[in-house]
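Q: Return a 3D structure for these sequence lines:
(chains A, B and C)
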Amino acid sequence: MSGPVAAQDGSRLPDTILYGVAYYDEYTPVDRIDEDFRLMREANISVVRIAESTWGTLEPQPGVFDFTHVDRMLAAAQANGISVIVGTPTYAIPTWLAREHPDVLVTRPEGQARFGYRQNMDITNPHYREAAERVIRALIAHVADHPSVIGYQVDNETKAYNTAGPNVQAAFVAAMRERFTLDELNDAWGLNYWSNRINSWEDFPSTTGTMNASVGNAFAAFQRDLVTEFLAWQAGIVREYARPDQFVTQNFDLGWRGHSYGVQPEVNHWEAAEALDVAGVDIYHPTQDDLTGAEIAFGGDLTRSLRDGQNYFVMETEAQGFPQWTPYPGQLRLQAFSHLASGADMLAYWHWATTANAVETYWRGLLAQDYQPNELYEAAQGIGADIARLGPALHGMEKHNQVAVYVSNASLSAMDWFRLPGNNGYNEVMRPFYDALYRQNIEADIISPDGEADLSQYRMIVVPALYAASDEEIERLNAYARAGGHLVYTFKSGFSDENTQVRYATQPGAIAEAAGVTYQTFTEPQEVSLDTPLYDLEGEALNVRWWMEFLHPTTAEVLARYKHHSWPDYAAITRNSYGAGEVTYIGFMPSDALIAGLLADTAHRAGVTWHEDADWPLIVREGTLRDGSRVRYLLNYSRDAIAVPADLRGGTSLLSQADFQNTDLAPWGVAIMRIED
Amino acid sequence: MSGPVAAQDGSRLPDTILYGVAYYDEYTPVDRIDEDFRLMREANISVVRIAESTWGTLEPQPGVFDFTHVDRMLAAAQANGISVIVGTPTYAIPTWLAREHPDVLVTRPEGQARFGYRQNMDITNPHYREAAERVIRALIAHVADHPSVIGYQVDNETKAYNTAGPNVQAAFVAAMRERFTLDELNDAWGLNYWSNRINSWEDFPSTTGTMNASVGNAFAAFQRDLVTEFLAWQAGIVREYARPDQFVTQNFDLGWRGHSYGVQPEVNHWEAAEALDVAGVDIYHPTQDDLTGAEIAFGGDLTRSLRDGQNYFVMETEAQGFPQWTPYPGQLRLQAFSHLASGADMLAYWHWATTANAVETYWRGLLAQDYQPNELYEAAQGIGADIARLGPALHGMEKHNQVAVYVSNASLSAMDWFRLPGNNGYNEVMRPFYDALYRQNIEADIISPDGEADLSQYRMIVVPALYAASDEEIERLNAYARAGGHLVYTFKSGFSDENTQVRYATQPGAIAEAAGVTYQTFTEPQEVSLDTPLYDLEGEALNVRWWMEFLHPTTAEVLARYKHHSWPDYAAITRNSYGAGEVTYIGFMPSDALIAGLLADTAHRAGVTWHEDADWPLIVREGTLRDGSRVRYLLNYSRDAIAVPADLRGGTSLLSQADFQNTDLAPWGVAIMRIED
Amino acid sequence: MSGPVAAQDGSRLPDTILYGVAYYDEYTPVDRIDEDFRLMREANISVVRIAESTWGTLEPQPGVFDFTHVDRMLAAAQANGISVIVGTPTYAIPTWLAREHPDVLVTRPEGQARFGYRQNMDITNPHYREAAERVIRALIAHVADHPSVIGYQVDNETKAYNTAGPNVQAAFVAAMRERFTLDELNDAWGLNYWSNRINSWEDFPSTTGTMNASVGNAFAAFQRDLVTEFLAWQAGIVREYARPDQFVTQNFDLGWRGHSYGVQPEVNHWEAAEALDVAGVDIYHPTQDDLTGAEIAFGGDLTRSLRDGQNYFVMETEAQGFPQWTPYPGQLRLQAFSHLASGADMLAYWHWATTANAVETYWRGLLAQDYQPNELYEAAQGIGADIARLGPALHGMEKHNQVAVYVSNASLSAMDWFRLPGNNGYNEVMRPFYDALYRQNIEADIISPDGEADLSQYRMIVVPALYAASDEEIERLNAYARAGGHLVYTFKSGFSDENTQVRYATQPGAIAEAAGVTYQTFTEPQEVSLDTPLYDLEGEALNVRWWMEFLHPTTAEVLARYKHHSWPDYAAITRNSYGAGEVTYIGFMPSDALIAGLLADTAHRAGVTWHEDADWPLIVREGTLRDGSRVRYLLNYSRDAIAVPADLRGGTSLLSQADFQNTDLAPWGVAIMRIED
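A: This next block holds a predicted model:
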C-alpha cells in the first residue's frame, strides 16, 4: 500500500510511480466518499486528481466560493494516505458566467458556441480571464497548504477552440504587424491571388473566409500561441501559491481519430510544456482485438520528448471507456505496464466511477454507476500492488534512443489544406512510419522544430511529410546528415516554406541537393507498383499509395523505380551519400511492410542497434533505472502465448513469474526484467 | 353506393366503414368539381376530407374569409351522397401572417424557419394562436350545420416542430420550477457535471446547447406536452360549434424511416388522443416487393390502442405515393382490407389527384394530374363496392389480444442520445420484436406508460429497451409478472430513471430482482454468437448484434451464454420464475429468427393461443363483430398463390370467391370469413 | 513562330488559331517577365490572357490605379510578338471594397458570403457595380490603344452566385409583376398548395424558403437573367473604349461534376452570348485512363452552337490541372487537336505557371512553381509549332451537322427539384445520349430553346428529358417532325409546362399525339429489363434504369415492352409515324449500349450519314475549311495503336507522319487530313 508521495529533496516530483484516478465528489449520487476512498486504498490507488471542470460547484455565484467538496476529498485522501492533484476548474464555465457575459462563449467561424459543452469559451476574453483568475486564486490559496496536495493541473486539454471573433482577428492583425511589413505580408502569403491583396492594415479581412493556406496556417499557429500563453498565465498564477514541493502540469491530448492518434493540431506541445514542471497527457486507445500498444507507445514517446526526455504523467487513460473498449481479461494490466515502459511516472484512470447523467454515461470509469467493485476493479488492485512495490525502483527510468521521428505542427496544419487521396493528412503519413519502428522494437523519440532536441544524439532521423518548413529548419536537418546522420525524408517534404508558400525552386527545394534528387511533376497513382522486389516484398506490399512524385536522381542512387505503363523512368525511392551521412528520399506513400523494410535497412546502415529477433506482437522496451541498471519490459500484445527469444529472457523478473510458462509470455502478458549489465 | 353516413344514436361515429379521399378544390387546375364527385361516387367513395392546409385560400387577408371552395365541396358532396370531414387549416400559415408577424415562424436550435414549408410555425406563439383561433371559429361556424359534415380533424400531423426560442425556453423553465427545487433539479439531472449546475433559476441556460441527456429529454417531453395542449385547445374551440353527432379527430403520424415505422418521438399519442372522439392516423409504407403488411398492422395496432381498443380512422394512406411505391396489381386491394383487419373503421387515400406544383408532384394520389380514371381508380372502385356492402357488418370489430408490446416515448428520446452501433435507436430495437409477433400471427396491442391499459388482461408483455422509466413504472411491470404474467425485457431496460439518470444500482436496476440477473459491464459485440442452438437455429441466426450485457444470473435459469474467446462465462438470455409468473431477460439484440423463437416459446409458456400453422406471407387477423360472430381476415403478402391450412378455411366468405382457387389464396389475395362460433 | 494576330478586314477576330496561356505577373514570385515571355515565344505561344481577378493589384485603394503589372506584360508581349486578351478584373473583389461596403458580399439563402474566395459578390449590388465600372473604364481606357491587345474578356465564369438577399427578392417580385397578375401567378405556380397563396404583392415571401418548384425555377431563371444583363452591361462599357479590331468575349463554363460535364445550370449561355463577339469557354476534363475526348467534344459542340455555328475560343483548359490529371505522354497533344476538331479557334492553358499560395497550388499550369521547362512545356512547344504553321489554314472551319441534341436550362433546373434515383439529374440523362453519338462519330450540334437554330437543318433531333417546356416550344419540335424530321424524346419530356406546372393532361402531354403514346403511371424500376433483344443486345444492356413510364401506344409501333413479372403489358420504347417524319419515345433510361443502338437505328432511318466503320476510341471529326476543302481529324483515345479503316486514310496529312505507322494511328495519336473533294 502506497502512502502519500513525498517530494524528493529539491524536486517537485514524486519519487515513485503514481497510480491514480480522477475523482469527483461533485458527481457522486450519494455521500459515499469514505467508502470510495477505502476502496481506492484497497486497490492501491496512490493519487487522485480532483476539481477540474467543477467551477459551477466551487463558485456557485460570482465571488461566492464553496469548498465543501474539495475539503471532503482532501480529508478523505489524507485519511487514506492518498495524494491529490488539484486541477484549476476553468475548462467548463459556470451558468452564471455565460448569463452575465454572453461574450465569453467562443465565436468560431461557424458562429458563437452555446452553453452546455465544456471548452466553449474564448480563452482570450477578458471577462473569462477575470473570472478564471478569481477562481484559480481562491481555489489554490485554499488548498496549497494541505499536506496531501502534491501538485496542480492547469486547465485541461486546453485549446483555443477555434476562437476567431473580431477581438481575436484584431489581435492576429496586431501580431502580423509585428512580423511583417505590408509588402512582405502580401509577398509571403501570395495575397495578389484572387485580389486578396491588403494595401492598408485597416483592410485586413477576417480570416474566417480565407481560401489562402498561408493565411489559414498563420492563424492556426496564432491560435496555438494563444494556448501557450494561456497555460503560462495560469501556471504563473498557481505558482504564486504553490509550495516548493508541489508541481504544475497540464493534461495534453493528442490528435484524435476516434482515439489518441497523432500530433495535436491545435496545440504546440513543445512550446506549451515550457511553463510546466512535468508534462501530462491523456492517452485513449482501442482495446479488445485492436489493442496494439502503438498509441500508448506513441503518446508516451511524444510526451517524454516534450521536455527533452523528462518522464511524464499519464493524467488520463481509460479503464473501460467506450462500450466497444471494454478490455479483455489481462488487457488492463498489460496497458498499465506499457505506459511505464515508455517512461510514464504516473498512470491515472478517467475516472473512478461512471457518471450517471449527461453525455458521458457510456464513457465508463473503473466502476460502473453502481460504485461496486467489479472485474476491472479487481484487475486494478493487482496492478496497484505491483506499482506500489516497484514504483520506487522503476520511476525515473531514462531512455537514450538512437532514432527520432521528426514532427511538425506547421506541416500538419498546412497539409490540412491539401489533403491526400482518401482524405489522408499529415498524421496518416507520420503514424505508419512511427508504427513501423514500434512494431520492430526500434525505440524512438519524437522531436519537433519547436523543441530543443540536439539532433546529433540520433543515428537516424525519420522526417515524414515536412510540407512547410523554413530554409533554416531544413538546413539544420541537412547539416545533421552532412555530419554523418542518416536522414529519411518522405514525399511532400520541403515543398513549401514557413509561410506555406510553395518554393520557387525545383522540388524538393532545399532538400534537393542533400537528397540528390529533383522533381517537377507528380500525380495520384492508379495501379502503380515498384519495379524492384525490395526486401523480398511482392504484390500489394510494393503498391504506390496516395502520391507519386516523378523523381529524377541527380547524385542519388535509385533504390526502386515506379512500375507504370506510361511513366517507366521515374525514380520512386533514392538514397544519397551526403557529407558523412546519407539521405533517403521516398517519393510516395509505401505500404506498411515496405516502410518497415526501408527503416530497418536504413537503421542498419546507420548503426542503430535493437532487438531484431522480436517483432510485434512481442514488444520489447528498455531504459536505464536511476541506480544504473537496465530494465526491460516484455509485452505480449496478443491473446496467444508467445515464445520469448532466449537473449531476451535474461535478468531478474520484477513481477511474479505467472506470465512466463517456461519460455512463453502469457496472452496479454507482461514481464519486467532488471538487467545488471 | 354509400350514402351520407348517419351517426348512431348517442354516438358521434359512423355506423359503417368509411372509404375516402382527401380532396382539394383549391388545388384543382380547372373547374371540375362535379366531374370529380361523380367519379368518386362511381368509385364508392363515401367520405372526403377537406380544408386542412388551405388557410391562405380560406382567409386571403387577415379577417377576410372566402368560403367559396368549401361551399362548392360541401354542395358537391351533398349532391353525391358523400360525407365530409372538415380539417382546421392551421398547419400551413398564410403569407400575410408570416409577413405581419415574422415571429410566428418557429425558432429551432439551428435558427428560425423560413416561409414556404408547412409546419414551420411556433405553435405557442400568441400571434399564431390568435390568427388560428379566428380562422377555426369562422370555418367551423360556417360548416357545422351542413348535413354532409360528419366530423372534424384538428390540425394535421401536429408536432412542436422543435420550437426552442426564448419564449419556449422561458415556459420550460417555468414548468421545471413547478416540478423541482433547484437542488432537486441539479441532482436529478446531474448538472454538476461539466459545471452545468444552476444555482439560481435566472441562470437557467437555453437547452439548445445542452449536452445533458436529462435536460434534452425533459425538453423533448415538454415539447410533446405542447402538442397535447395545442390539440386539446383546438378541439375545445371546435366543440363550441360542432353538432352532437359530429366527431373530432386528428391525423397522427408515426415515427418515420422513409415510411411509417415506429413510435412517434415528437408526440405523446396516448395523452394527445384524450381530447379526441376517435384517433386518426396516417400510414405510409413501401409496396411492390417490399409490401409486408407490417407497417399497416403496427400502425393499426398502435392507433387502436390509443383509446383502449376503440377502433380508429386511417386518415391517410397512399394510393400510389412515391414513384417507387406504385402498387402491383392486387396490392391496393390487399392493403385496404389489411387496414380493416387491424380495426380501421375508415380508410382514406391521400389524395384524390396528384398536385401539379410544388414539392409533392411525385407523391401521387389515386389519379394523376390528368384527373382521368386509371388502373388504380379501377381497383378502388372494387374496394369501395366491397366496403360499401360489408361496412355495416364489419365496422366496430373488437380485438381481445393476449399479448402486448410495451412502448415508451421517454425511452425512445433517451436512446436518441445514446444510439446503438449502426445508428440504431429505440424503434430499431422495438420493431423487430413487434414484427416477430406479426409474422407469426400472434396479434398484439401496443401499450404505453402514458395510456390506461390494464396489464392484467395480457398473458405476455414484451418490453423492448425500456431505457428510461421510473421505479413506479417498472414496479407495475414487475407486479404484472409476480401476479402470473410473462414479461420479456430486452437489454438496456431499467438502465436509467425517469430523469434519464443512470441508476445508482447494479443493473438492470429495479428489474434485477424480477429478472434474477445482474450486470455491471457491457460491450459492443464483435463476432459473438451464442453457445446453445436455441430453437434449432444455427449460424447467423445465433449472432449477437449491437449490444452485449455481461449477465450474471442470480436466481434465473440461463437459456444461452455468449460464445466468445475471452468472455465465455456470461449469460446472454435468462428466464426467471417470479411470483406466479416468469421474466425473460435478453442481454443483446438477437436475430429476427431468434426473436421469433424466443417470443413463440414464451407465448407457449404463457398459454397464448394463435394460428401456429400459418406464418407470413400468410397473415391471419381476427376479431369479434358487433353481432358476436368472429371474423377472420386471410391476407396473402406474396405474389405467389399460397395454400391456406384447412382449419383456417372455415366460415362464410364475405368477399367474392375469386381469391380462392380450391384451397389457395391468390397472389396478394384477401379473404374475409365470418365464423359463427 | 507566330506574330501578333492581325484582325481580318471588317472582322474583330484573328485570322489564325491562337495558342495561349493565362499569365499573371502579379502572382510571379520574382521579376522574371522577360524570361517567361521568351520561354512562351520559344513554345510558340501566340496569345496571353491577363488581368482577370487582379483588381486588388490594379486598384490598391479606391480610385487609385496602378497599371505597373499590366504595362509590364503588354511591353513584354509586344517585344515577343505575342497578342494579349485583357480581362476585366471584376470577379474577385479587393479587400478595401469588402471593408467599405460589406453589403457587396453576396447574401445566399444560407447566409452572407465572407471575404476570401472569388465570386463572392452580389452582381446587382450598386456599390459593386459602381466600383466595377470605375475599374473597367480605367483599365480598358489604359490598354485599348496598345497594339498587342486584340480583345477583351468581360468578367470570368460569371454567375449570380445564388444571390438571394432582400434587394434581389424585391427585383424578382418586380419582374414577376411584369409577367403575371396575382391570379395568374397563383394559378401558374399552384400557390394554393400548403397555403402559399399570395393575395397581395406585398405578401410575396422570400423565395429562400420555398418548397415550390415553380417558384424555385422562376427564381433560377431570374438569376440567369441577372448574368445575361451583367455581361451585356460590362460588354457595353468595354465597347466604349475598344478599337474596331478588338473583340469582346467571356469565359463560360459548363455544368460541373468534378470536371466540365453538362449544361450550365446557372447561366443561359445562348442568351448571354448575344452581347459578345465570340463565345469563350473553359473545358476541364480527366486525363490518364479517363481521357475519352467526350468533354472536349461536348464543350466544343455546345459553345460552337451558342452563336449559330460560329467558332469559339477555349479560354482555359488544363495543362496539368489536378494532381490526378497529370497527362500521359502524348495526351496533351491529342487534347489540343481535339479542341480544334470541334471548331476551336483558340486554345489556352490555365495557366502558365502554378501559383505558390492559396487554394490552387495543386492546380498545376504548364510549369510548376519553379517556372522551369518540363515535359509538358516540351509537349506544348511541338503543339505550338503545328498550330502556328497550320492555324491560317485550319481556322474558321465550318461544320454542317445533320444531328442535334436539344438541351434546356429550364428542364435542368426543374429536374433539380425532382432528382432521379441515384441522385441523377438532367445532365446525367442528357450526356449519355450525347456521348452515344460522339462515340459512334455522329457529329452533333447542341441547340436550345433559347437559341436561334433552325430545326429544319437537322435530319434528327434528340430531346432528352424536356421536363419543363411551353406548349409553343413542344409544338415547334412536333412541327419539325411533321415536316419530315426524326425526333427522339426520352422519358419525362413534356411533363410540365414553362412554369414547372405538371400538365393537366394525360402524359406526355403535348407530345402524346406526336409520339402516339400515353401514360398515366410510372415507377422506379427494380430488376426490370426489356422483352426484346433490340440490336442484338442482351443481359445488362437491356436493363431499365432510373425511371419507368407505363406506356400505352395509341398510334405508335412498339419497339420493346418491359419484362416485368407484374406489369408485362406496358410499352417501353415506341416509334410513331407523324406527318412526314417519325417520333421515337423512350420511357426509361436505357443502357449506354441501347442508347447507341437506338440512335444509330434512328439516324439510319433519318438518312444521316457518318463514318460507321469507326467507333471510339477512334474518333473522326470533320469540317469544311474556308478554302472549301474538307478536313478530317483522326483521334486515337487509347494507349494502343489503332488501325484506321481504309476509307478514312485518304487526303493529305497536315501533321507529320509520325502518328501513322502503316495504317495504324499511334497511341494517343492525331492525324489531320485535308481532303479535296
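
Q: So which residues of the stretch 401-550 of chain A form strands?
A: Remark: strands assigned in the stretch 401-550 of chain A by DSSP state E, counting those that start in this stretch are A:403-406, A:444-447, A:460-463, A:486-490, A:517-518, A:522-523, A:529-530, A:545-549.

Q: And for the stretch 101-250 of chain A?
A: A:107-108, A:111-112, A:149-153, A:247-249.

Q: Let me see the residues that make contact with the third one.
A: The set of residues external to strand A:149-153 that reach it, using Cβ atoms under 8 Å, 6 or more residues apart in numbering or on different chains, is A:4-5, A:7, A:12, A:14, A:47, A:49, A:52, A:74, A:83-88, A:140, A:143, A:238, A:242, A:245-251, A:277-278, A:280, A:315. In short, each C-beta sits where N, CA and C put it, glycine included.

Q: Okay, now the sheet partners of that strand, with direction.
A: strand A:83-87 (parallel), strand A:247-249 (parallel) (DSSP bridges).

Q: Downstream of the first one, the next helix or strand is which one?
A: Right, strand A:83-87. Next along the chain after strand A:83-87, taking DSSP states H and E as the criterion, comes helix A:95-100.

Q: Check the last one too.
A: On the C-terminal side of strand A:247-249, the closest following helix or strand by DSSP H and E is strand A:251-253.

Q: Test for you: state the pLDDT assigned to whichever residue of the stretch 1-150 of chain A sits closest to chain B.
A: In the stretch 1-150 of chain A, the residue that lies nearest chain B is A:Arg114 (2.5 Å; Cβ to the nearest Cβ). At A:Arg114, the model reports a pLDDT of 97.

Q: Hmm, A:Leu105 and it touching each other?
A: Yes: with contact defined as Cβ atoms under 8 Å, A:Arg114 and A:Leu105 form a contacting pair (6.8 Å).

Q: out of the two, which sits in the more crowded spot?
A: Neighbours were counted for A:Arg114 and for A:Leu105 using other Cβ atoms under 10 Å in any protein chain shown; A:Leu105 has more, 23 against 18.

Q: okay, and the helix or strand of chain A with the least pLDDT?
A: Lowest on mean pLDDT, DSSP states H and E among the helices and strands of chain A sits strand A:660-661, with a mean of 72.

Q: ok, the next helix or strand after it: who's next to it in the sheet?
A: For strand A:660-661, the succeeding helix or strand toward the C-terminus, using DSSP H and E, is strand A:664-665. Partner strands and pairing direction for strand A:664-665 (DSSP bridges) are strand A:642-643 (antiparallel), strand A:660-661 (antiparallel).

Q: quick one: low-confidence ranges for the stretch 551-677 of chain A?
A: Within the stretch 551-677 of chain A, the stretches with pLDDT under 70 are A:657-658, A:661, A:677.

Q: what ranges do the strands span in the stretch 251-400 of chain A?
A: Going by DSSP E, counting those that start in this stretch, the stretch 251-400 of chain A shows strands at A:251-253, A:255-256, A:260-262, A:280-283, A:312-317, A:344-349.

Q: Just send these back as a markdown table, with mean neighbour count too.
A: Shown next, in a markdown table, are the strands of the stretch 251-400 of chain A (neighbours: other Cβ atoms under 10 Å in any protein chain shown):
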| stretch | mean neighbour count |
| --- | --- |
| strand A:251-253 | 25 |
| strand A:255-256 | 16 |
| strand A:260-262 | 22 |
| strand A:280-283 | 26 |
| strand A:312-317 | 27 |
| strand A:344-349 | 27 |
